[in-house]
Structures are given as C-alpha cells and as structure tokens.
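Chemist: dropping the sequence and predicted coords here.
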Amino acid sequence: MKRVHNFSAGPSMLPLEVLEKAQKELPNYQDSGMSVMELSHRSGLFTDIITQAESLLRELMHIPDNYKVLFVQGGASQQFAAIPLNLKKNGKADYINTGSWSKKAMKEAKKFIEVNEIASSEDKNFTYIPASFEVDPEADYVHITTNNTIEGTAFCEIPDTGNVPLVADMSSNILSEEIDVSKFGIIYAGAQKNIGPAGLTVVIIREDLIGHASAQCPTMLDYQTHSESGSLYNTPPTYGIYIAKLVFEWLKDLGGLKEMQARNEKKAALLYDYIAASDFYHSPVQEDSRSLMNIPFVIPNRDLDADFIKAAQEEGLETLKGHRSVGGMRASIYNAMPVEGVEALIVFMKKFAEANQ
C-alpha cells in the first residue's frame, strides 16, 4: 500500500490506525448491515457515536461542566459570522490581527459589529505575535487565532482579557497541546487539521454565552439551536463525527494531550534546529512566536523553490509548497505526522542543500 508523508496544511493526514479501523467498519458498522454513512442520525447507534465523541473530547481537553460541546457544519469560516451574531451586546469587539485568518474573521464580523483592532503584527508581515495590547472592558469579546496556519506563528501564552470573553479560532492547533479551557469563552475549530475530515466544526462554548443571539441571527447560526438539540437540530456530518471519535480514541490510547504535546514539541524542535543550523534554509518567523504545527521556511534563492517541491514529491514528501501569500515552503506537522516523517524531510533537505549550494 502506497502512503506518503503528507505535509498539507489541510485537509491534513489522518492517523493510519484510524483509517484502517474506519476501512474495516465501512460496509457494516457493528453488525448493523449499514455503513456509518447510512445510519440515521436519530438512531441508537449514531447516538452512541456522538455521545462517545463528546465524552472523549471532554476527557482529553478537561472541558469544565459549564461548557457545551457542539458539532456543527460550515467550517471555522462560518463561525466568523456566528460569533458576533451570538455575542453582540454593546456592539463592539476587540480583535488581535495575526494573519490571513484573523483578517477574514474581522472582515466578516464588521458586517454585524464594530471591530477594534487592538494589536497587529502586519507591520512585519505577520512574523510574530503581538506582546502587548489593551482590552476594552466594554467589548463584547476579544478574538484571537491561536495558531496561524499560513504564517507559522502561534500564541505561546493565552492572553488575559479579564472579564471580557476570549474567543479563539483554534482550527490548526486544537488537541496538539494541553490548554486551560476555562480561560476561554468560546473555542472553535475546523476539523480538517487535528480532528478528522473536512465538513465538521467543533465549538466549545461557556453556557452563559448561549441564548443571547441577535434577532437577525439565522437559526442555524444560533448556538442555542445546537445546544438544545444536542447538535442534532438537522442532520449533522455523521461520518465526520464518527472519524473524530476514532481520532479521540487514538489520542487517548497514546496517553492524551500531554503525550501528544511532547511528541509535537520533539517534531518541531528537530525541524527548527536543523533550519537554524543550516546556511541554506531560513525561518522567517520570530523565535518566540513559532508554531508547533506549521513551519514555513525559505531558500534565499527563490528560483529553487519549484525544484525543491518537485524533488520532494519524488521522495514521497507531499504538499510542501508555501501559501501563495508567503511563498517558500511550509511543513505542516499536525498530530498524525509521525516523527519519521519529519526525519525523512530533514534527510531530503540536507541532500537538496548539498546539491544546490
């Protein structure tokens, strides 16, 4: 069976063990004679799946009892509108601008609420995380993107926003390390990085923030709709939730997020250390703001970028091209990427550098 090391930023690789279990269960789930994709979302079998998925996620992330876990659709991008529509009270919100996804979140929010950009790293092409900012105590919420997939930066410390709810787009680093959920009002994440296939979005929301949606908020964007129905108001992405459950089981079997964080720190250190020691490659990201999940790097001679990507593919190293807004290369090393994949990338990078210096 052919398998490559897939460094895609998303949809990303899934654990092979998860894929193999899903393959085994695909035509006949638990002797039902049906695939999970064919199960009614109101059936007992699927009720068990979604209940177990929520229970596992709560256990992995130590989610407090006063938080709801919602499984919804529309991607993280749909949450850009759902958040201001649900949290609008004084009509203004603070945003920290750390890259492309923050900018998109702000652009969408401006349709519904006054957006105040309280900090930005755009002055240095989003190569760092702003260290200081002042929160408006009257703001309805403060929004951050905890990990910037395109730019390769991440919040190493969760900002203290006082009594103002902190809302976080955690799409590309959820489940990669231990976090204190109680520091957040809302955490939301598209599944296609560390959770499962594209099509599922997870929302973790403090209960007191539910039930205050604006009158113009569509039913499907109202968090109360999904909270009251147990994420079953309409047909949810059933297969995506099933795969998420398998991924949560895989994480638990590994030892949970403490073990996963140790693995991710090891993988990232291997690649960052090699880049730092190399006189051929360079990391554009400020050292204290570097992501564990997405590692961009450049070759001073940009004419070699295409040759690098082509030669890497020939070695079974896929999807290393950097985002068009940044250029260069980017290695996304999410939870499912084994350390062997990073080691193989470094071996190739050494060989390519020797051949082109």
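Modeler: Sure thing, it's come through.

Chemist: going forward, measure contacts between C-alpha atoms and count neighbours the same way
Modeler: Will do.

Chemist: immediately after whichever strand or helix holds Val115, which helix or strand?
Modeler: According to DSSP states H and E, Val115 maps onto strand 114-120. Where DSSP H and E defines the elements, the next helix or strand beyond strand 114-120 is strand 142-145.

Chemist: so what strands line up beside the helix or strand following that next one?
Modeler: Per DSSP H and E, the first helix or strand lying C-terminal to strand 142-145 is strand 147-148. Take DSSP bridges as the rule and strand 147-148 pairs in its sheet with strand 153-154 (antiparallel).

Chemist: which residues does the partner strand contact?
Modeler: 126-129, 145-148, 285, 289-292, 294 (CA atoms under 8 Å, 6 or more residues apart in numbering).

Chemist: kindly recompute the last result at 6 Å.
Modeler: 146-147, 289-291 (CA atoms under 6 Å, 6 or more residues apart in numbering).

Chemist: closest to Tyr233 out of the residues you listed?
Modeler: Thr146 (29.3 Å; CA to CA).

Chemist: domain assignment for the protein?
Modeler: Domain ranges of the chain: 16-253, 255-356, per automatic domain parsing.

Chemist: Val4: which of those is closest?
Modeler: It is, among the domains of the chain and with distance given as CA to CA, domain 255-356, at 4.9 Å.

Chemist: could you give the average pLDDT over the closest one?
Modeler: For domain 255-356, the mean pLDDT works out to 96.

Chemist: show me where the stretch 1-150 of the chain has strands.
Modeler: Under the criterion DSSP state E, counting those that start in this stretch, the stretch 1-150 of the chain contains strands at 5-6, 67-72, 92-97, 114-120, 142-145, 147-148.

Chemist: could you dump these into JSON lines and include distance to Leu200?
Modeler: Listed next are these as JSON lines, based on distance: least, CA to CA, whole Å:
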{"stretch": "strand 5-6", "distance to Leu200": "21"}
{"stretch": "strand 67-72", "distance to Leu200": "6"}
{"stretch": "strand 92-97", "distance to Leu200": "25"}
{"stretch": "strand 114-120", "distance to Leu200": "27"}
{"stretch": "strand 142-145", "distance to Leu200": "18"}
{"stretch": "strand 147-148", "distance to Leu200": "19"}
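
Chemist: let me have these in TSV, extended by mean neighbour count.
Modeler: TSV is the format used below for the strands of the stretch 1-150 of the chain (neighbours: other CA atoms under 10 Å):
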stretch	mean neighbour count
strand 5-6	22
strand 67-72	23
strand 92-97	24
strand 114-120	18
strand 142-145	25
strand 147-148	28
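
Chemist: pipe these into a markdown table and attach distance to Ala198 and mean pLDDT per row.
Modeler: Formatted as a markdown table, the strands of the stretch 1-150 of the chain follow (distance: least, CA to CA, whole Å; pLDDT from 0 to 100):
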| stretch | distance to Ala198 | mean pLDDT |
| --- | --- | --- |
| strand 5-6 | 16 | 98 |
| strand 67-72 | 12 | 98 |
| strand 92-97 | 25 | 98 |
| strand 114-120 | 29 | 98 |
| strand 142-145 | 19 | 98 |
| strand 147-148 | 18 | 98 |
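
Chemist: Met37 is nearest to which of the ones you listed?
Modeler: strand 67-72 (16.2 Å).

Chemist: so which elements touch the closest one?
Modeler: Packed against strand 67-72 by the contact rule (3 or more CA pairs under 6 Å, 6 or more residues apart in numbering; DSSP states H and E) you find strand 201-206.

Chemist: may I see the buried residues of whichever helix or strand comes after the strand it packs on?
Modeler: Sequence order places helix 223-228 as the next helix or strand after strand 201-206, per DSSP H and E. By neighbour count on 16 or more other CA atoms under 10 Å, the buried set for helix 223-228 is 223-227.

Chemist: same check, this time on stretch 129-138
Modeler: By neighbour count on 16+ other CA under 10 Å, the buried set for stretch 129-138 is 129-130, 135-136.

Chemist: do a quick rundown of the strands in the stretch 251-357 of the chain.
Modeler: Counting by DSSP E, counting those that start in this stretch, the strands of the stretch 251-357 of the chain are 294-297, 317-318, 329-332.

Chemist: and those as TSV, adding mean neighbour count and distance to Glu38?
Modeler: TSV is the format used below for the strands of the stretch 251-357 of the chain (neighbours: other CA atoms under 10 Å; distance: least, CA to CA, whole Å):
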stretch	mean neighbour count	distance to Glu38
strand 294-297	26	35
strand 317-318	20	32
strand 329-332	25	33
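
Chemist: okay if I get those as JSON lines plus distance to Lys2?
Modeler: Listed next are the strands of the stretch 251-357 of the chain as JSON lines, based on distance: least, CA to CA, whole Å:
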{"stretch": "strand 294-297", "distance to Lys2": "25"}
{"stretch": "strand 317-318", "distance to Lys2": "12"}
{"stretch": "strand 329-332", "distance to Lys2": "20"}
